[in-house]
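*Asks:* Just the structure for this:
(chains A and B)
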Protein chains: 2
Amino acid sequence: MQLPSGLLENAVAQFAKLPGIGKKTALRLVLHLLKQNEEEVNLFSETIAKMRREIKFCQRCYNISDGDICSICANSMRNKAVICVVENIRDVIAIETTQQFNGTYHVLGGIISPLDGIGPEQLTIQPLLHRLESEPVEELIFALNPNIQGDTTIYYIQKKIQHLPCKITTIARGIAFGGELEYADEMTLARSLANRLPVQQYVKG
Amino acid sequence: MQLPSGLLENAVAQFAKLPGIGKKTALRLVLHLLKQNEEEVNLFSETIAKMRREIKFCQRCYNISDGDICSICANSMRNKAVICVVENIRDVIAIETTQQFNGTYHVLGGIISPLDGIGPEQLTIQPLLHRLESEPVEELIFALNPNIQGDTTIYYIQKKIQHLPCKITTIARGIAFGGELEYADEMTLARSLANRLPVQQYVKG
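*Replies:* This is a model prediction of the structure:
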């Protein structure tokens, strides 16, 4: 596909870098933007840059936040003694959508995956251990995708905190093995949260 | 879907305005950008804004261009005596990809569609008539989508220029009625360009 303009070519290349967007779709999106007012395109462009520049991560749970502490951690109605450990922000959004969980979160920023070069030090595991030592946490719920990497991550963290008195659970395997948490329907996700199991039983440890 | 940040919400809303992008896909794209360096996101954002701000339309054929005259019109190897009339820039790209056409283009910027409030004056028909009067054009090829609006547009322009000596043709109906030009495979498109018909025969006029 030969494009008639370098400016157009660059814009298409930028869109085509996004996940799931091929060159033809990128061209369609760019030509759509080209039909909009200059102000609207500037608003689009500036909103994206501003989001990246100004967005913060909660200093407590590493969720996305507009301030130093996210709206969930800052909410006095949420039960701070229950922490749900998730891989990423999309999982927080998915669980929040079920409206069945009243605790707080801890966003790991990934899961342990040696093949991808992701070890415990790349994740927010150290801050999680610090939280568990310094806060009166009663229960730690693992809500990780049910696959090998998720299991490894649970096992690693569980070994680190087995001396602590807090209860350690994991959401029930209502979700098919190899499935993706964020695409589960709300009922399945809510039920798997309600039927969580003690982690000793889960990892047969 | 409740998002934990206003900045994120705004960015998702901007992406969700693009054609074919829903809120869930928009969130995925935004979270992908959030994982990139700030410089990369600024490059993305600035490339889009710059494209909209600086892109020009060729003063001769209304194709997208980096300068006053597009690279096709400026190319001395292209046959200026043959003009291919298309609806939009995507159609130029589609025909260029066949590598079977050595003439120049005229981009109408749409087709006559009274139901959508698009009449001849919203399109670049007047500049096309001016080109035909002032340039030694031998052949005018209509490469419009084969539907009612495309036929109406051909009929309108043909009536306006029937006093001129230039040959008027249309690409062959190799493409199914109601189909979209830009999605045609290259073979079909190239063949329909090779088998173009005199417009009198086509509109049975």
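*Asks:* Which residues does the lengthiest strand in chain A contact?
*Replies:* Ranked by number of residues, the top strand in chain A under DSSP state E is strand A:79-86. With contacts defined as Cβ atoms under 8 Å, 6 or more residues apart in numbering or on different chains, strand A:79-86 is touched by A:61, A:73, A:92, A:95, A:101-108, A:128, A:131-132, A:135-144, A:157, A:181. Every residue, glycine included, has its C-beta placed from N, CA and C.
*Asks:* can you list the domains in chain A?
*Replies:* What automatic domain parsing lists as the domains of chain A is A:6-54, A:76-202.
*Asks:* How about A:Phe44: what's its closest non-neighbour residue?
*Replies:* B:Gln14 (4.8 Å; Cβ to Cβ, 6 or more residues apart in numbering or on different chains).
*Asks:* Repeat that for A:Asp68.
*Replies:* Spatial nearest neighbour of A:Asp68, chain neighbours left out: A:Gln59 (5.4 Å); criterion: Cβ to Cβ, 6+ apart.
*Asks:* Regarding A:Met51, what is its secondary structure?
*Replies:* helix (DSSP: H, G, I helix; E, B strand; the rest coil).
*Asks:* Then the one 10 residues further on?
*Replies:* Taking three-state DSSP as the rule, one finds A:Cys61 in the coil state.
*Asks:* any idea how far chain B is from it?
*Replies:* For A:Cys61, the distance to chain B equals 10 Å [Cβ to the nearest Cβ, to the nearest Å].
*Asks:* One more: A:Ile89?
*Replies:* Distance, A:Ile89 to chain B, by Cβ to the nearest Cβ: 6 Å.
*Asks:* Of the domains of chain A, which shows the lowest average pLDDT?
*Replies:* Here the domains of chain A differ in mean pLDDT, and the lowest is domain A:76-202 at a mean of 86.
*Asks:* how many degrees apart are the helix or strand where A:Gly150 lies and strand A:79-86 in direction?
*Replies:* Using DSSP states H and E, A:Gly150 sits in helix A:148-161. With axes from the mean of the first three to the mean of the last three Cα atoms, to 10 degrees applied, the angle from helix A:148-161 to strand A:79-86 works out at 140 degrees.
*Asks:* so what strands line up beside the next helix or strand after helix A:148-161?
*Replies:* Downstream of helix A:148-161, the next assigned helix or strand under DSSP H and E is strand A:167-170. Applying DSSP bridges to the sheet, strand A:167-170 is found paired with strand A:139-142 (parallel), strand A:197-198 (antiparallel).
*Asks:* Quick one: residues in contact with strand A:167-170.
*Replies:* Contacts of strand A:167-170 (Cβ under 8 Å, 6+ apart): A:138-144, A:154, A:158, A:161, A:196-200, A:202.
*Asks:* okay if I get the domains of chain A as a markdown table plus mean neighbour count and distance to B:Pro4?
*Replies:* Converted to a markdown table, the domains of chain A look like this (neighbours: other Cβ atoms under 10 Å in any protein chain shown; distance: least, Cβ to Cβ, whole Å):
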| stretch | mean neighbour count | distance to B:Pro4 |
| --- | --- | --- |
| domain A:6-54 | 17 | 13 |
| domain A:76-202 | 17 | 7 |
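*Asks:* Out of the ones you listed, flag the one nearest B:Leu34.
*Replies:* domain A:6-54 (6.4 Å; Cβ to Cβ).
*Asks:* circling back: of the contacts of strand A:167-170, just say which sits nearest to A:Leu43.
*Replies:* Using Cβ to Cβ, the contacts of strand A:167-170 come closest to A:Leu43 at A:Ala143, 35.8 Å.
*Asks:* Take stretch A:185-200, keep the C-alpha atoms, and write them as PDB.
*Replies:* Taking C-alpha atoms only, stretch A:185-200 is exported to PDB below (Å, rounded to 0.1, in the frame of the first residue of the first chain):
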ATOM      1  CA  ASP A 185     -18.900 -12.700  32.300                       C
ATOM      2  CA  GLU A 186     -19.800 -10.900  35.500                       C
ATOM      3  CA  MET A 187     -21.700 -13.800  37.000                       C
ATOM      4  CA  THR A 188     -18.800 -16.200  36.600                       C
ATOM      5  CA  LEU A 189     -16.400 -13.700  38.000                       C
ATOM      6  CA  ALA A 190     -18.700 -12.800  40.900                       C
ATOM      7  CA  ARG A 191     -19.300 -16.500  41.800                       C
ATOM      8  CA  SER A 192     -15.600 -17.400  41.600                       C
ATOM      9  CA  LEU A 193     -14.900 -14.500  44.000                       C
ATOM     10  CA  ALA A 194     -17.600 -15.800  46.400                       C
ATOM     11  CA  ASN A 195     -16.400 -19.400  46.300                       C
ATOM     12  CA  ARG A 196     -12.700 -18.600  46.900                       C
ATOM     13  CA  LEU A 197     -10.700 -21.400  48.500                       C
ATOM     14  CA  PRO A 198      -7.800 -21.500  51.000                       C
ATOM     15  CA  VAL A 199      -4.600 -21.400  49.000                       C
ATOM     16  CA  GLN A 200      -3.200 -24.500  50.700                       C
END
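*Asks:* which residues make contact with that stretch from outside it?
*Replies:* For stretch A:185-200, the surrounding residues in contact (Cβ under 8 Å, 6+ apart) are A:94-95, A:97-98, A:100-101, A:141-143, A:154, A:158, A:167-175, A:181, A:184, A:205.
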